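A.B. asks: following is a predicted model, sequence given first.
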Amino acid sequence: MFRSRRVLFSALTLGLVLAGCKFTGFNDPANQAVVTKATSWIKTQQQADGSFEVAGFPGFETPDAIVAIGEKGQTTNKWDTAQALAAVTAAKTNGKSALDAVDDFADGTLSAGQAAKLIVLVAKPLGLSATAFDPQNDGARNLVTVLNAGAQTDGSYGAFNATLYAALAKQQTSGSVPAKTLTLIRNAQQASGGWDFAGDHTASDADVDTTSLAVQALVAGKATKTDTFLVKGLQYLAAQQTTGGAWQSFGSDDPNSTSTAILAITAAGFDATSPCWRNTVSPGLTGHAYGNPVSWIRTQQATDGHIASANDAFPPVNTFATTQSVQALERGWLPVAWLDARICQ
């Protein structure tokens, strides 16, 4: 079974921005070398229907593969939807691209969380309509309508993970996250500062993947740099990072958890390659050894190009660790919202 996986200053005003200064890996040659090999491997895993569902769970791997391939298609530091679309469309097996697969998936029964992921990871980064999603031109699906239909009176959109993706999708489609949804996310934070997959604030089983997505959702909801919930979430991530730079899942250094943590740190306005973020939110760790998580991901690349994961022990080897690692190495599309850059003196 696969767990749903895998979120001293400058004088800058720290507000929510959708374009502009964000720490990325676009200009890092070491990152680009890894991304080139990784995306080449990802394409070898494409299935006959155009999808990347190696693990056999429809909708699980393909959206993230689309973002990863779109990242490789970028020629400048600023995200270009046309370039992303061209790169994804060009990757075909049996005459079909990933867009054929996600169109067929969207034509079926969708939950609010699934619609949210299609908005965040497919429609928006490729410049496709979220209200008339129809890559195959065989009948449009309004993903926003599906998303909104899943809204509950308590602010949730189903499972907690689905609610976090819904928060990102609402920011992308309407420009704001519903107040009830933000309240629900905040109230689900555990005493450790982290969040767990169930969104249970009374538990003590927070995990890095959920916490990282929650941090991104708070930033999408216009949290400020001093927001207590945001700071506590970052403190949890700081406490969980290993000295080698990685974050763990089920006791093993994990590329998915490490990738989502990098995206959360980026959303909060920091450069994950520097201990600035950790020392800012957890001053007591200043002076402690810091492992660069981006460098750690690069060390996990296997000779065939894929990013090795503990989940490789469960064949077939799925694409998820590699696609999320590409997203974290590039940081071109994700996170979808971020605070202005924070720079330590």
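C.D. replies: That came in fine, so what should we check first?

A.B. asks: tell me the first helix or strand C-terminal of the helix or strand of the chain with the lowest mean pLDDT.
C.D. replies: Ranked by mean pLDDT, DSSP states H and E, the weakest helix or strand in the chain is strand 16-17, scoring a mean of 39. Next along the chain after strand 16-17, taking DSSP states H and E as the criterion, comes helix 29-44.

A.B. asks: may I see the buried residues of that next one?
C.D. replies: By 16 or more other CB atoms under 10 Å, the buried positions in helix 29-44 come out as N31, V34, V35, K37, A38, T39, W41, I42, K43. Backbone N, C-alpha and C define where each C-beta goes, glycine included.

A.B. asks: name the helices or strands packed onto it?
C.D. replies: helix 62-72, helix 293-299, helix 320-330 (3 or more CB pairs under 8 Å, 6 or more residues apart in numbering; DSSP states H and E).

A.B. asks: packing partners of the last one?
C.D. replies: This means helix 320-330. Against helix 320-330 (3+ CB pairs under 8 Å, 6+ apart) you get helix 29-44, helix 62-72, helix 255-267, helix 293-299.

A.B. asks: need those helices in CSV (columns: mean pLDDT and distance to Q171).
C.D. replies: What follows is those, written out as CSV (pLDDT from 0 to 100; distance: least, CB to CB, whole Å):
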stretch, mean pLDDT, distance to Q171
helix 29-44, 98, 26
helix 62-72, 98, 17
helix 255-267, 98, 11
helix 293-299, 98, 25
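
A.B. asks: about what we covered before: got a markdown table for the helices and strands packed on helix 29-44, with mean neighbour count and distance to V122 too?
C.D. replies: Listed next are the helices and strands packed on helix 29-44 as a markdown table, based on neighbours: other CB atoms under 10 Å; distance: least, CB to CB, whole Å:
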| stretch | mean neighbour count | distance to V122 |
| --- | --- | --- |
| helix 62-72 | 27 | 5 |
| helix 293-299 | 20 | 23 |
| helix 320-330 | 27 | 13 |
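
A.B. asks: quick check: D304 touching W41?
C.D. replies: Yes. The criterion here is CB atoms under 8 Å, and D304 meets it with W41 at 5.7 Å.

A.B. asks: which parts of the stretch 51-200 of the chain are strands?
C.D. replies: Per DSSP state E, counting those that start in this stretch, the stretch 51-200 of the chain carries strands over the ranges 92-93, 96-97.

A.B. asks: the last one - contacts with which helices or strands?
C.D. replies: Read that as strand 96-97. Using 3+ CB pairs under 8 Å, 6+ apart, strand 96-97 sits against helix 81-90.

A.B. asks: name the helices or strands packed onto the helix it packs on?
C.D. replies: helix 62-72, strand 96-97, helix 98-107, helix 124-126.

A.B. asks: export those to JSON lines and tack on distance to A261?
C.D. replies: Formatted as JSON lines, the helices and strands packed on helix 81-90 follow (distance: least, CB to CB, whole Å):
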{"stretch": "helix 62-72", "distance to A261": "16"}
{"stretch": "strand 96-97", "distance to A261": "31"}
{"stretch": "helix 98-107", "distance to A261": "26"}
{"stretch": "helix 124-126", "distance to A261": "21"}
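
A.B. asks: pLDDT below threshold where in this structure?
C.D. replies: 1-20, 345 (pLDDT under 70).

A.B. asks: ok, now which ones touch the closest residue to G25 other than its chain neighbours?
C.D. replies: Using CB to CB, 6 or more residues apart in numbering and skipping the chain neighbours, the partner closest in space to G25 is N31 (4.0 Å). By CB atoms under 8 Å, 6 or more residues apart in numbering, the contact list for N31 reads G25, V294, R298, L329, E330.

A.B. asks: so which of those residues is the closest to R141?
C.D. replies: Using CB to CB, E330 is the member of the contacts of N31 that lies nearest R141, at 28.3 Å.

A.B. asks: that closest one and T24 touch, don't they?
C.D. replies: Yes. The criterion here is CB under 8 Å, and E330 meets it with T24 at 6.6 Å.

A.B. asks: tell me who's in contact with G175.
C.D. replies: So G175 contacts nothing (CB under 8 Å, 6+ apart).

A.B. asks: correction: L143
C.D. replies: A106, L110, A115, L118, I119, A123, A130, T131, F133.

A.B. asks: so which of the residues you listed sit within helices?
C.D. replies: Among these, the members found in helices (DSSP state H) are A106, A115, L118.
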